[in-house]
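Enquirer: Test case, fold it:
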Amino acid sequence: MNVSPKEKLNFDNTEIAFRNKSNGELNAAYWLFKIISSNFLTKVGPPVTNFFLNIGLPIKGIIKATIFKHFCGGETIAECENTIAQLHSGNVGTILDYSVEGEDEEAVFDFTCEEIIRTIERAAGDKRIPITVFKVTGIGRFALLEKLDTKQELSAAEQTEFNKVKSRCEKICRRAYDKKVPVMIDAEETWIQDTIDALAIDMMLLFNKESIIVYNTYQMYRHDKLADLKADHLIAKAQGFILGVKMVRGAYMEKERKRAEEMGYPSPIQPTKEASDIDYNESLKYCVQHIEDIAFVCGTHNEESSRLLAELMDQHKIAHDHRHVYFAQLLGMSDNLSFNLSDAGYNVAKYVPYGPIKAVMPYLFRRAQENTSIAGQTSRELGLIIKEKQRRKL
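Expert: Coordinates of the predicted model:
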């Protein structure tokens, strides 16, 4: 029987939030967030670090022991084993995320495809790794996807290239289907997203007939994505497949607004944060109302949205561990949400990025910048860490 989240959920419970962290790990997290809270370091850090890495200065060890250790599982799947076990000790699952990006060579795309398949094979039969994930730009060239989005005619060579992208995408999703391991397709920039969305629907049509295997991602800081979600649900009902939805607020806001301004088209981004919040919460309500034919992952660091979903599930008498509902956060952030939700019996998983340090740096810089750009995120993390340090002293 479910316990009311109003009685059970306390996102300020730091004892549960940091139960799997030693005093040393807690102190390391404290100093890391103190550094991240400096906007100067967050802005200057990326070019300086890239310069040091490119000229061969031995700073990889420093990076690996600090920011990389906090936000990433390791450089390989094998190096993630400790993180997988640590998260599982708090009943939180792992989403293995091979976070290499920005490449444009066919050999790299083939390797990335095989690496994503290795994450699926590692997850098969292991309840500690309930979901996997990939980006289409990890298996295909960005400029090619951009050309497809603008409906330009492809050359024969480009068409062959895109056929390879589709083939890699299907290969990944087919292995996920064969191994019974759900896989999420991440959202990216608006000017390549239509092509990604079409691929995702094609994969769901192939593999989501019997159970949830493929999820697409909807960025609710876009003003059109709630409508897209509802339209895709109608397609799913008509075609007889389960719609897989991961809803997030979004990751490319500044880049999107800047490009829209420079190129003179209306910004795809919501006019206010409040508008994003409204659409995000409406998407939760919609998915809960259609729980039988929509499986969804609530990807958020927002306490209000997390609490709302918990309350909606109780209102609709949906079991906390219903297989169609997951909460998800990023490794190294919002442990107060992840571990308190899991303690209350909800399905929760953390994104655990991994890959060679230099290749994963763009991801790490985004995480640092995200913590400073989300209002109150860094101070919230710091406040909770300080509270737990004080509790342990007492």
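
Enquirer: Can you show me the helices along the stretch 101-250 of the chain?
Expert: For the stretch 101-250 of the chain, applying DSSP state H, counting those that start in this stretch gives helices covering 106-123, 142-149, 156-179, 190-207, 225-239.

Enquirer: Let's see the second one as CSV, backbone CA atoms only.
Expert: Put plainly, it is helix 142-149. What follows is helix 142-149, C-alpha atoms only, in CSV (Å, rounded to 0.1, in the frame of the first residue of the first chain):
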residue,chain,number,x,y,z
PHE,A,142,25.4,16.9,-37.1
ALA,A,143,25.5,18.8,-40.5
LEU,A,144,23.8,15.9,-42.2
LEU,A,145,20.9,15.9,-39.7
GLU,A,146,20.7,19.7,-40.1
LYS,A,147,20.4,19.3,-43.9
LEU,A,148,17.6,16.8,-43.4
ASP,A,149,15.7,19.1,-41.0
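
Enquirer: How far away from the center of its chain is that helix?
Expert: 23 Å (C-alpha atoms, centre = their mean, to the nearest Å).

Enquirer: buried set for it?
Expert: Using 16 or more other C-beta atoms under 10 Å as the test for burial, helix 142-149 gives 142, 144, 145, 147, 148, 149. (Glycine included, C-beta is placed from N, CA and C.)

Enquirer: what residue ranges in the stretch 1-150 of the chain are flagged as low confidence?
Expert: For the stretch 1-150 of the chain, the stretches with pLDDT under 70 are 1-8, 38-59.

Enquirer: in it, which spans are strands?
Expert: 93-98, 131-134 (DSSP state E, counting those that start in this stretch).

Enquirer: and of these, who's closest to residue 378?
Expert: strand 93-98 (22.2 Å; C-beta to C-beta).

Enquirer: how big is the angle separating the closest one from helix 106-123?
Expert: Put simply, strand 93-98 runs at 160 degrees to helix 106-123, going by axes from the mean of the first three to the mean of the last three C-alpha atoms, to 10 degrees.

Enquirer: Give the partner strands of strand 93-98 in its sheet and their orientations.
Expert: Applying DSSP bridges, strand 93-98 is found paired with strand 131-134 (parallel), strand 348-354 (parallel).

Enquirer: Indicate which one of the ones you listed is closest to residue 35.
Expert: That would be, of the strands paired with strand 93-98 and by C-beta to C-beta, strand 348-354, which comes in at 19.3 Å.

Enquirer: For that closest one, C-alpha coordinates in PDB please.
Expert: The C-alpha coordinates for strand 348-354 follow below in PDB (Å, rounded to 0.1, in the frame of the first residue of the first chain):
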ATOM      1  CA  VAL A 348      14.600   6.300  -9.700                       C
ATOM      2  CA  ALA A 349      17.700   6.200 -11.900                       C
ATOM      3  CA  LYS A 350      20.700   8.500 -12.300                       C
ATOM      4  CA  TYR A 351      22.400   9.300 -15.600                       C
ATOM      5  CA  VAL A 352      26.000   8.000 -15.200                       C
ATOM      6  CA  PRO A 353      28.100   9.500 -18.000                       C
ATOM      7  CA  TYR A 354      31.400   7.800 -18.900                       C
END
